[in-house]
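Novice: Got a predicted structure plus its sequence, pasted below:
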Amino acid sequence: ASVSQSRYPFIVNGSERVRFDTSGNVGIGTGTTLTARLLVTGSGATSSTATAHLLNSSNASIFYVRDDKRIGVGTPFPLGLLTIGNPSADGTSDYTQGLVFADTLAGDGSTPWAHAAIWSVGSSGFNGSLLFGTDGDGAGNSNVTERMRINQLGNVGIGTTSYTARLFVSGSSTSATPVL
C-alpha cells in the first residue's frame, strides 16, 4: 500500500498507530483527517480505559481522560464527569488545590493572580467541606481568603469557620450572631 505524501504514519503489526501530517498535526489512534494539533482517539473498550493520561516527573497523575468522557485533574480515578483531586492532608485548606479564577490582564499570561476560588477540605472519617474564597486586598496578588463554607452537615458559615447553625453569618463586630 502506498502512503500519501500528506501524512506520515507509524505502523505497528500492520496497523497505523500514530500519524503526522504536513501541517505538523499529530494523530494517535485515529484513522481520520487530523483536525487539531493533537488528536487522540480512545479504544472505546471499557469505561476505565484511558484515552489520554499525562504524568509529571514523579509519575503522579496530572490529567486523565477516560473513554466514558470522565476527566480527572490530579487523579486517575474520576468519580464524575470532572473530578479535581486534592492531595492535601486532612484539615489542610489550600485553595490552589481547587478551582481558581485568575486574572491574566498582563496579556502574556506570565503574571496571573487569583480573584476567587472554590476548593474542598477533608477531615477524618471521610467528611468534607466545600469552601469559597475571594482575594479582596486589591494588591494584584493571590491572597485568596475563605469567605464561606458548607460543612459535612450542610450547614453554611459566612465569615467564620466555626458554626453549628444551618446558616451562620459573622459580622464585622466582635460578636457573631446565628441567623437561623
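Specialist: Now that the structure is in, tell me what you want to look at.
Novice: Tell me where the model's unsure across this protein.
Specialist: The chain contains residues with pLDDT under 70 at 1-7, 31-32, 42-49, 105-110, 125, 138-141, 172-180.
Novice: if you set the cut-off to 90 instead, what comes out?
Specialist: 1-70, 72, 74-79, 85-97, 101-115, 121-128, 135-143, 152, 160-164, 170-180 (pLDDT under 90).
Novice: Could you point out the longest strand of it?
Specialist: Using DSSP state E, we find that the single longest strand of the chain is strand 113-122.
Novice: my guess is S123 meets D90, correct?
Specialist: Yes - at 5.4 Å, S123 counts as touching D90 under the criterion of Cβ atoms under 8 Å. Every residue, glycine included, has its C-beta placed from N, CA and C.
Novice: rewinding a little: now do the buried residues in the longest strand of the chain.
Specialist: Counting neighbours by 16 or more other Cβ atoms under 10 Å, one finds that the buried residues in strand 113-122 are 113-114, 116-117, 119-122.
Novice: What strands line up against that strand, and which way round?
Specialist: Applying DSSP bridges to the sheet, strand 113-122 is found paired with strand 99-103 (antiparallel), strand 128-134 (antiparallel).
Novice: Out of those, which is the most enclosed?
Specialist: strand 128-134 (a mean of 18; mean count of other Cβ atoms under 10 Å).
Novice: and that strand, how far from the chain's centre?
Specialist: Relative to its chain's centre, strand 128-134 lies at 15 Å (Cα atoms, centre = their mean, to the nearest Å).
Novice: and V40, how many neighbours?
Specialist: If you count neighbours by other Cβ atoms under 10 Å, V40 ends up with 14.
Novice: how near is it to S57?
Specialist: 21 Å (Cβ to Cβ, to the nearest Å).
Novice: Same check on N127?
Specialist: Taking Cβ to Cβ, one finds N127 at 33 Å from S57.
Novice: before we move on, back to that, which stretch among the strands paired with strand 113-122 comes nearest F77?
Specialist: Among the strands paired with strand 113-122, strand 128-134 comes nearest to F77, with 16.0 Å by Cβ to Cβ.
Novice: how about the helices of this structure, start to end?
Specialist: Counting by DSSP state H, the chain forms no helices at all.
Novice: With just CA atoms, put the longest strand of the chain into PDB.
Specialist: The C-alpha coordinates for strand 113-122 follow below in PDB (Å, rounded to 0.1, in the frame of the first residue of the first chain):
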ATOM      1  CA  TRP A 113      -3.300  36.500  40.100                       C
ATOM      2  CA  ALA A 114      -6.300  34.800  41.700                       C
ATOM      3  CA  HIS A 115      -9.600  36.600  42.200                       C
ATOM      4  CA  ALA A 116     -11.600  33.800  43.700                       C
ATOM      5  CA  ALA A 117     -11.500  30.000  44.300                       C
ATOM      6  CA  ILE A 118     -13.700  27.000  45.200                       C
ATOM      7  CA  TRP A 119     -12.000  24.100  46.900                       C
ATOM      8  CA  SER A 120     -12.600  21.300  49.400                       C
ATOM      9  CA  VAL A 121     -11.000  20.400  52.700                       C
ATOM     10  CA  GLY A 122     -11.300  16.900  54.200                       C
END
